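S.K.: I'll drop the sequence and a predicted model, then ask my questions.
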Amino acid sequence: MEELSFFVGVIGNVISVLVFLSPVGTFWRIIKHGSTENFETRSLPCRLATVNGFGILAEAVYVALFLIYAPRKIRVKTGILVGILDVGFLAAAILVTRLALEGESRIDAIGFMCAGLNIIMYGSPLAAMKTVVSSKSVEYMPFFLSFFLFLNGGIWAFYALLEQDIFLGVPNGIGFLLGTAQLILYAIYSNARPSSNSISQGLLEQGLQK
């Protein structure tokens with residue numbers, strides 16, 4: 001059982017790296033076009049708040065590129081989210097766990113926070129899913145991000161089952177289900193040919209929410 005847990009953990013780490021690398025194509029498009037177009041901002045600072053060292057570096061680069069190429073209004077909104085989630089929340093978490101808690105209570109508190117942030121990470125593409133349904137186009141929901149989130153949630157949920165770790169199991173189980181929903185949505189609309197009216201309507205609805 002220990003060997004299986006180790007093997008699954010190694011696979012999980014590899015897939016986690018691929019999750020963080022999956023937006024590379026999207027950001028190459030942003031740099032090439034000099035615009036963030038209609039890609040969502042909400043997922044970027046949420047994923048930056050996770051504890052993976054490589055992920056922090058990769059996502060910091062993505063957020064910086066998004067801030068450079070985004071329109072001013074979206075840049076301000078994204079900057080506020082970064083400040084709240086990635087600076088304010090992290091500082092508050094460190095202060096509370098260091099000053100107010102100790103021992104097992106500190107570990108449990110950090111576990112709950114990490115589980116919550118992982119759920120936010122997996123839920124961040126929900127806005128893009130709504131755009132896919134309204135516009136009948138998967139253009140702004142990158143396949144590889146959805147695919148690797150699905151794999152990441154599944155492999156870490158399996159690992160959590162082997163190790164009986166609820167802090168890993170709950171968020172990654174939710175992530176696996178959300179990743180499955182994204183892939184189903186992608187399969188439904190990937191070959192669809194949306195009319196210009198449906199695309200315009202979908203982007204208009206998203207623009208009104210911003």
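M.R.: Now that the structure is in, tell me what you want to look at. Numbers count the residues shown, from 1 in each chain.
S.K.: ok, now how distant is H33 from A58?
M.R.: For H33, the distance to A58 equals 21 Å [CB to CB, to the nearest Å]. Where you see a C-beta, it was placed from the backbone N, CA and C, and this is true even at glycine.
S.K.: Name the residue in those two with the higher neighbour count.
M.R.: For H33 versus A58, the count of surrounding residues by other CB atoms under 10 Å is larger for A58: 20 against 10.
S.K.: mind listing what's buried in the strand or helix carrying M113?
M.R.: M113 is part of helix 104-123 when elements are defined by DSSP states H and E. Neighbour counts over helix 104-123 (16 or more other CB atoms under 10 Å) mark 110, 113-115, 117-123 as buried.
S.K.: now stretch 157-165
M.R.: 157-160, 162.
S.K.: likewise stretch 175-189?
M.R.: Buried residues in stretch 175-189, defined by neighbour count with 16+ other CB under 10 Å: 175-176, 178-179, 182-183, 185-186, 189.
S.K.: give me every residue that touches the residue nearest to V133 when sequence neighbours are not counted.
M.R.: Excluding the flanking residues, the one nearest V133 by CB to CB, 6 or more residues apart in numbering is L185, at 7.3 Å. Counting by CB atoms under 8 Å, 6 or more residues apart in numbering, L185 makes contact with 129, 132-133, 138, 141.
S.K.: What subset of those is buried?
M.R.: By 16+ other CB under 10 Å, the contacts of L185 give 129, 132, 138, 141 as buried.
S.K.: Show me which pair in the residues you listed is furthest apart.
M.R.: M129 and V138 (9.7 Å; CB to CB).
S.K.: and which of the buried ones among the contacts of L185 is nearest to V19?
M.R.: Once CB to CB is applied, the member of those that ends up nearest V19 is M141, at 15.0 Å.
S.K.: The closest one sits in which helix or strand?
M.R.: Counting by DSSP H and E, M141 is part of no helix or strand.
S.K.: ditto for L95
M.R.: Going by DSSP H and E, L95 is part of helix 89-99.
S.K.: tell me the mean pLDDT over that helix?
M.R.: For helix 89-99, mean pLDDT rounds to 83.
S.K.: Kindly export that helix (C-alpha atoms) in PDB.
M.R.: What follows is helix 89-99, C-alpha atoms only, in PDB (Å, rounded to 0.1, in the frame of the first residue of the first chain):
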ATOM      1  CA  PHE A  89      -5.300  36.600   2.900                       C
ATOM      2  CA  LEU A  90      -1.800  35.100   3.000                       C
ATOM      3  CA  ALA A  91      -0.600  37.700   5.600                       C
ATOM      4  CA  ALA A  92      -3.700  37.100   7.700                       C
ATOM      5  CA  ALA A  93      -3.300  33.300   7.600                       C
ATOM      6  CA  ILE A  94       0.400  33.600   8.700                       C
ATOM      7  CA  LEU A  95      -0.400  35.900  11.500                       C
ATOM      8  CA  VAL A  96      -3.400  33.900  12.800                       C
ATOM      9  CA  THR A  97      -1.600  30.500  12.700                       C
ATOM     10  CA  ARG A  98       1.600  31.900  14.200                       C
ATOM     11  CA  LEU A  99       0.100  34.000  16.900                       C
END
